[in-house]
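> I'd like to go over a predicted model; first the sequence, then the structure.
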Amino acid sequence: MGRVTDLASFAALLAPEGQTLLAALRDYDPARELAVASRLRRDHPAELVTAALGQARLRQRAVAKFGAEDAYRMYFTPNGVEQSTRASVGAYRAGRMKALGVGSVADLCSGIGGDAIALARAGISVLAVDRDPLTAEAARANAEALGLSGLIEVRCADVTEIDTSPYDAVFVDPARRGGRGRIFDPEAYSPPLSWAVEAARKAPHAALKVAPGIPHEAVPAGAGAEWISDGGDVKEAVLWFGAEPGARRATLLPSGATLAGRGLPDPAVRPVGRYLYEPDGAVIRAHLVAEVAEELDGGLVDGTIAYVTSDALVPTPYAASYEITDELPFNLKKLKALLREREVGTLTVKKRGSAVEPEEIRRKVKPKGPNAATVLLTRVAGAPTMLIGRPVRAGGER
């Protein structure tokens, strides 16, 4: 589709007939799309039906990030769904900006407006800038649909030409995907990370969203770095300017628990104790395993593996805990015999520092029985090892 046709089709979706179609397609089954399209084209223009079906698919995909209430009122582009911030993460980040006293933000590379929405809902006025006309129109429509147009101004422009001096803060979310997929080199972002850093340093406060795999040595001098996970999945890293220079932090959502780095040395390696702790991915990315180990009075099972072991059960939001019942050298025959003896039919296999795939283990040991167990494939003091146990829930429940 050409750009003009895209814009024309999008405008048609905002008109009454387009709105009627979108409402009718809210719960449609994509597997029946051909039949649905044929039926709708009897009463509506074919191009409008195609546009409405495409938007309906995008809304269904967006529910995971924005929730059904917002997603089915919003408008998306394929890249917008893929690259937009999860609503819970955007709300957390907006809350941090509000706490810093920020009242206005220049949101550069705003996409379909996910972050602008979160900022506006925190009571912050936003200039949302994106150079793609269709994406900017989607952001404008989203602000209107969610009743936030009074706080969100959308501008279709090149972000490098925007004067950010009137704003309390700058937020930049550079595009990290290109025609060949995900981009790992920060200087290949659009705009490059170096440009975003310069823009950030001109503002009283700034936040730059970057990939969570950013090397620590690439964090600019004077910036604080925060790694954020949601439901155990690491979602992003944020470089903060104007607050906590040099700080390293891991934040876990939805709890909001935040662990700050204290510059601790690497934990000592010690024998496997009664409990094993698996730090959250944000903690690992932030290089804060030592802080967790200190909190747990524990050590590492191996100097290269982010598993912490301790003889004490200490509740922590920063790691999942397991009670270990067996420690065996890696041997599938022994594992199969042990699981058969204990009538284990529900087997969870986790790995860290092992080349063996969990599915391969399940296929070969063929678990059968009424009981459950967890096998952690790892290295202990350099040796391939199987740790068998059970998860410990919050409150000490097994």
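Structure received.

> and for residue 78, the neighbour number?
Here the number of neighbours of residue 78 (other CB atoms under 10 Å) works out to 11. Where you see a C-beta, it was placed from the backbone N, CA and C, and this is true even at glycine.

> helix/strand/coil for the nearest residue to it once chain neighbours are set aside?
Residue nearest to residue 78 in three dimensions, not counting chain neighbours: residue 58, with 6.8 Å by CB to CB, 6 or more residues apart in numbering. Recorded secondary structure, residue 58: helix (DSSP: H, G, I helix; E, B strand; the rest coil).

> residue 58: how many residues sit nearby?
Residue 58 has 20 nearby residues by other CB under 10 Å.

> isn't it right up against residue 82?
No: taking contacts as CB atoms under 8 Å, residue 58 lies outside contact range of residue 82: 9.9 Å.

> who touches the residue nearest to residue 78 in this structure?
The neighbours of residue 58, taking CB atoms under 8 Å, 6 or more residues apart in numbering as the test, are 76, 77, 78, 80, 81.

> recalculate using a threshold of 7 Å.
Contact partners of residue 58, counting by CB atoms under 7 Å, 6 or more residues apart in numbering, are 76, 78, 81.

> start from the N-terminal end of the stretch 51-200 of the chain and give the strands.
In the stretch 51-200 of the chain, the strands defined using DSSP state E, counting those that start in this stretch lie at 104-108, 125-130, 152-156, 169-172, 177-178, 181-182.

> no no, the stretch 251-398 of the chain
Going by DSSP E, counting those that start in this stretch, the stretch 251-398 of the chain shows strands at 257-260, 275-279, 299-300, 308-310, 319-329, 344-351, 371-380, 383-392.

> could you identify which of those strands is most buried?
Stretch with highest mean neighbour count among these: strand 308-310 (a mean of 25; mean count of other CB atoms under 10 Å).

> tell me which element the residue nearest in space to the middle of the chain is part of?
For the chain, the residue nearest the mean C-alpha position is residue 235 (2.0 Å; CA atoms, centre = their mean). Using DSSP states H and E, the element containing residue 235 is strand 233-241.

> now do that strand: which elements does it pack against?
For strand 233-241, the contact count by 3 or more CB pairs under 7 Å, 6 or more residues apart in numbering; DSSP states H and E identifies helix 87-99, strand 205-210, strand 224-230, helix 281-285 as packing neighbours.

> need the strands of the stretch 51-200 of the chain in TSV with mean neighbour count and distance to residue 37, can you?
Shown next, in TSV, are the strands of the stretch 51-200 of the chain (neighbours: other CB atoms under 10 Å; distance: least, CB to CB, whole Å):
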stretch	mean neighbour count	distance to residue 37
strand 104-108	25	36
strand 125-130	25	30
strand 152-156	19	31
strand 169-172	27	39
strand 177-178	12	29
strand 181-182	8	30
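
> right, and those - which one's nearest residue 10?
The closest of those to residue 10 is strand 152-156. By CB to CB, the value is 13.1 Å.

> re earlier: next, the angle from the strand holding residue 235 to strand 224-230.
160 degrees (axes from the mean of the first three to the mean of the last three CA atoms, to 10 degrees).

> who wins for proximity to residue 98 among the strands of the stretch 251-398 of the chain?
strand 257-260 (15.9 Å).

> name every strand pairing with that closest one and say which way it goes.
strand 248-253 (antiparallel) (DSSP bridges).

> how about the partner strand as PDB, C-alpha atoms only?
Taking C-alpha atoms only, strand 248-253 is exported to PDB below (Å, rounded to 0.1, in the frame of the first residue of the first chain):
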ATOM      1  CA  ARG A 248      22.800   0.800  38.600                       C
ATOM      2  CA  ARG A 249      19.300  -0.400  39.500                       C
ATOM      3  CA  ALA A 250      17.000  -3.300  38.800                       C
ATOM      4  CA  THR A 251      13.200  -2.800  39.100                       C
ATOM      5  CA  LEU A 252      10.700  -5.700  39.100                       C
ATOM      6  CA  LEU A 253       7.100  -5.200  38.000                       C
END
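
> list of residues touching it?
Residues contacting strand 248-253 (CB under 7 Å, 6+ apart): 88-89, 92, 224-230, 258-261, 280, 282-283, 286-288, 317-318.

> buried sites along that strand?
For strand 248-253, a neighbour-count test (16 or more other CB atoms under 10 Å) marks 248, 249, 250, 251, 252, 253 as buried.

> per-residue pLDDT of the residue sitting furthest away from the middle of the chain, please?
In the chain, residue 42 marks the outermost C-alpha relative to the chain mean, sitting 41.7 Å out by CA atoms, centre = their mean. On pLDDT, residue 42 comes in at 93.

> for it, what are its contacts?
No contacts exist for residue 42 under CB under 7 Å, 6+ apart.

> tell me the SS of it?
coil.

> any idea how far it is from residue 36?
Using CB to CB, to the nearest Å, residue 42 is found at 11 Å from residue 36.

> repeat that for residue 384.
In this structure, residue 384 and residue 36 are 53 Å apart, going by CB to CB.

> if I pick residue 289, what's in contact with it?
Residue 289 touches 267, 279, 283, 306, 308, counting by CB under 7 Å, 6+ apart.

> would you format the contacts of residue 58 as a markdown table with pLDDT and distance to residue 12 included?
A markdown table is the format used below for the contacts of residue 58 (pLDDT from 0 to 100; distance: CB to CB, whole Å):
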| residue | pLDDT | distance to residue 12 |
| --- | --- | --- |
| 76 | 95 | 16 |
| 78 | 89 | 18 |
| 81 | 91 | 20 |
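
> switch the residues you listed over to JSON lines; also include distance to residue 131.
Converted to JSON lines, those look like this (distance: CB to CB, whole Å):
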{"residue": "76", "distance to residue 131": "18"}
{"residue": "78", "distance to residue 131": "17"}
{"residue": "81", "distance to residue 131": "19"}
